[in-house]
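Asker: Everything below, folded, please.
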Amino acid sequence: MLDKLFGIKQHKTTVRTEVLAGITTFMTMAYILAVNPDILSATGMNKEALFTATAISAIIGTLIMAFVAKLPFALAPGMGLNAFFAFTVVLSMNYSWQFALTAVFIEGIIFILLTVFNIRELIVNAIPINLKHAVSAGIGLFIAFIGLQNAGIIVNNDAVLVELGNMGSHTAWVAFFGIVVTGILLVLNVKGSLLIGILSSTILALILGVTKLPDGGLVSLPPSVEPIFWKFDFSQVFTLDMLIVLFTFLFVDMFDTVGTLVGVTDKAGMLTKDGKVPRVKQALFADAIGTTFGAMLGTSTVTTYVESAAGVAEGGRSGLTSFSTAVMFLIALFFAPLFIMIPGAATAPALIMVGLFMLSPITKIDLNNYTESIPAFFTIIMMPLTYSIAEGIVFGMLAYVILKVFTGKFKDVSLIMYILAVLFILKFIIK
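Answerer: The predicted structure follows:
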């Protein structure tokens, strides 16, 4: 039945591999269950209700990805977008969290319409093949950077932006231990290397006191979402501020999702012969519907997670991977204390190794063709430096269009790319 439902044999994989991949994806993104409520609660929203809303919105979006798109990607409220929701819209612009939720809800509806009329699909397909390879490599650097930060190996520095952290800290020891364990297992070609690395790092984290077992037991009923459910404020829908907030949510979510879909699909070797993401329309539906339902439940924009690359690296190729991740989120609803205790230092090794895996498509780029390699380079380098998949794509696309036009190769550029380039320039000017 599973083979008929998800095409296990077609993807040349096994049920065990797919389930293990789904669990690995979950383990690398389980931090969102703790981080998202922590960020959004700064607005005055109920933290316990936010935990439940985060988990349920992830379940809804990921199940749609599993059964409709049948792709090995997981969804949850997006990092960056939740920070914009809390710290910019609410705390800086002084709007209520109900106003921000309304913007997210409208964004989801707009994305559903854009997906129905194939506009988002056209944008995905318009990205040149070399930029698609670059997106994968850029995401690799970005996700490795996130892992290094989670482990405290790379830390903030006001003078030089970033610097090496305290290598004598227990957090760094946990991460390095996980890297060594995972690296050895990968060399030995052991299945489940990333997951074993996460679990072994968590055990060391318990021993060193980086994390601790929950005091109140491992099992608990999910808190009610009633304090934040359907709390919309439509009184300011037709204001300039709502338009600006809505545009920002739309832009970041659009290109974060596009970048993740393209990059991870390329790494998995699942792009079609003409460089397209299979069933991309259905995948974008998962994102749009997840965002809409997430806003109704009371959380920020739901997006496809770059940590899905961890599951793909473990061999995940079908919707069974994403289904397994959704099941893990369901379990997490009742075992919240257990999953929340896994520290960022324990998941960091998986993210760092996945960063390496994601670099491989760079070998497909002709580095001697500068109209292709320069845009690819900007795509790759700007993702970690701007801390945004979306901004990396923007710089890459703009470089591509400008170089092609001014070197007489304007016919290589599609109409959609020209339109996007103009919109990107306007975005910079307005900003």
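Asker: For the helix or strand Ile184 falls within, name the packing helices and strands.
Answerer: Here Ile184 sits within helix 170-187, counting by DSSP states H and E. Applying 3 or more CB pairs under 8 Å, 6 or more residues apart in numbering; DSSP states H and E, we find helix 170-187 packed against helix 193-208, helix 344-358. Just so you know, the C-beta spots here come from the backbone N, C-alpha and C atoms, and that holds for glycine as well.
Asker: Alpha carbons only: can I get the first one in PDB?
Answerer: The C-alpha coordinates for helix 193-208 follow below in PDB (Å, rounded to 0.1, in the frame of the first residue of the first chain):
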ATOM      1  CA  SER A 193      24.500   8.500  10.400                       C
ATOM      2  CA  LEU A 194      22.900  12.000  10.900                       C
ATOM      3  CA  LEU A 195      20.300  10.700  13.300                       C
ATOM      4  CA  ILE A 196      22.800   8.700  15.300                       C
ATOM      5  CA  GLY A 197      25.000  11.800  15.500                       C
ATOM      6  CA  ILE A 198      22.100  13.800  16.900                       C
ATOM      7  CA  LEU A 199      21.200  11.200  19.500                       C
ATOM      8  CA  SER A 200      24.800  10.600  20.600                       C
ATOM      9  CA  SER A 201      25.400  14.400  20.900                       C
ATOM     10  CA  THR A 202      22.200  14.700  23.000                       C
ATOM     11  CA  ILE A 203      23.500  12.000  25.400                       C
ATOM     12  CA  LEU A 204      26.800  13.900  25.800                       C
ATOM     13  CA  ALA A 205      24.800  17.100  26.300                       C
ATOM     14  CA  LEU A 206      22.900  15.500  29.200                       C
ATOM     15  CA  ILE A 207      26.200  14.300  30.800                       C
ATOM     16  CA  LEU A 208      27.800  17.700  30.500                       C
END
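Asker: show me where this protein has strands.
Answerer: Using DSSP state E, the strands of the chain run over 75-77, 154-157, 161-164, 302-304.
Asker: Each with direction, which strands does the first one pair with?
Answerer: Here strand 75-77 has these sheet partners by DSSP bridges: strand 302-304 (antiparallel).
Asker: Give me the contact list for the strand it pairs with.
Answerer: If you take CB atoms under 8 Å, 6 or more residues apart in numbering as the criterion, strand 302-304 is touched by 57-58, 60-61, 65, 73-78, 81, 253, 256-257, 260-261, 283, 286-287, 290-291, 293-294.
Asker: For Ala346, find the nearest of the strands of the chain.
Answerer: strand 154-157 (16.7 Å; CB to CB).
Asker: Which secondary structure elements does that closest one sit against?
Answerer: With contacts taken as 3+ CB pairs under 8 Å, 6+ apart, strand 154-157 sits against helix 129-150, strand 161-164.
Asker: in stretch 372-388, what counts as buried?
Answerer: 372-385, 388 (16 or more other CB atoms under 10 Å).
Asker: same deal with stretch 186-200?
Answerer: For stretch 186-200, a neighbour-count test (16+ other CB under 10 Å) marks Leu186, Gly192, Ser193, Leu194, Leu195, Ile196, Gly197, Ile198, Ser200 as buried.
Asker: sorry, back to before: quick one: mark the members of the contacts of strand 302-304 that sit in helices.
Answerer: Among the contacts of strand 302-304, the ones falling in helices (DSSP state H) are 57-58, 60-61, 81, 253, 256-257, 260-261, 283, 286-287, 290-291, 293-294.
Asker: Please check these and keep the buried ones.
Answerer: Buried members of the ones in helices among the contacts of strand 302-304, scored by 16+ other CB under 10 Å, are 57-58, 60-61, 81, 253, 256-257, 260-261, 283, 286-287, 290-291, 293-294.
Asker: List the contacts of Val210.
Answerer: Contacts of Val210 (CB under 8 Å, 6+ apart): His170, Thr171, Val174, Leu204, Pro343, Ala345.
Asker: Sorry, wrong one. I was asking about Ser308.
Answerer: Going by CB under 8 Å, 6+ apart, Ser308 touches Thr25, Pro72, Phe73, Ala74, Thr260, Val264, Ser322.
Asker: Check the gap between the residue nearest to it when sequence neighbours are not counted and Lys364 for me.
Answerer: Nearest residue to Ser308, sequence neighbours excluded (CB to CB, 6 or more residues apart in numbering): Phe73, at 4.3 Å. For Phe73, the distance to Lys364 equals 21 Å [CB to CB, to the nearest Å].
Asker: again, but for Pro384
Answerer: From Pro384 across to Lys364, the span is 20 Å (CB to CB).
Asker: that older thread, could you dump the buried residues of stretch 186-200 into CSV and include pLDDT?
Answerer: What follows is these, written out as CSV (pLDDT from 0 to 100):
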residue, pLDDT
Leu186, 86
Gly192, 71
Ser193, 79
Leu194, 78
Leu195, 77
Ile196, 85
Gly197, 86
Ile198, 84
Ser200, 91
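Asker: Reformat these as CSV; add distance to Ile429.
Answerer: Formatted as CSV, the buried residues of stretch 186-200 follow (distance: CB to CB, whole Å):
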residue, distance to Ile429
Leu186, 46
Gly192, 49
Ser193, 47
Leu194, 43
Leu195, 46
Ile196, 50
Gly197, 46
Ile198, 44
Ser200, 50
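Asker: of the residues you listed, closest to Leu20?
Answerer: Taking CB to CB as the measure, Leu20 lies nearest Gly192 of the buried residues of stretch 186-200, at 5.2 Å.
Asker: For that closest one, list the residues it contacts.
Answerer: Counted by CB under 8 Å, 6+ apart, Gly192 has contacts Leu20, Thr24, Glu314.
Asker: Can you tell me the number of residues neighbouring the second one?
Answerer: Each residue near Thr24 was counted by other CB atoms under 10 Å, and the total is 33.
Asker: how close does it get to Thr239?
Answerer: From Thr24 across to Thr239, the span is 44 Å (CB to CB).
Asker: same deal with the last one?
Answerer: Here Glu314 is placed at a distance of 46 Å from Thr239 (CB to CB).
Asker: try the first one
Answerer: If you measure Leu20 against Thr239 using CB to CB, the figure is 49 Å.
Asker: residues touching Val68, list them.
Answerer: Contacts of Val68 (CB under 8 Å, 6+ apart): Gln282, Phe285, Ala286.
Asker: Try it again at 6 Å.
Answerer: Residues near Val68 by CB atoms under 6 Å, 6 or more residues apart in numbering: Gln282.
Asker: And it, what's its pLDDT?
Answerer: pLDDT for Val68: 92.
Asker: OK, contacts around the residue sitting nearest the centre point of the chain?
Answerer: The chain has Tyr305 as the residue nearest its centroid, 2.4 Å off, counting by CA atoms, centre = their mean. By CB under 6 Å, 6+ apart, the contact list for Tyr305 reads Met29, Ala74, Ala76.
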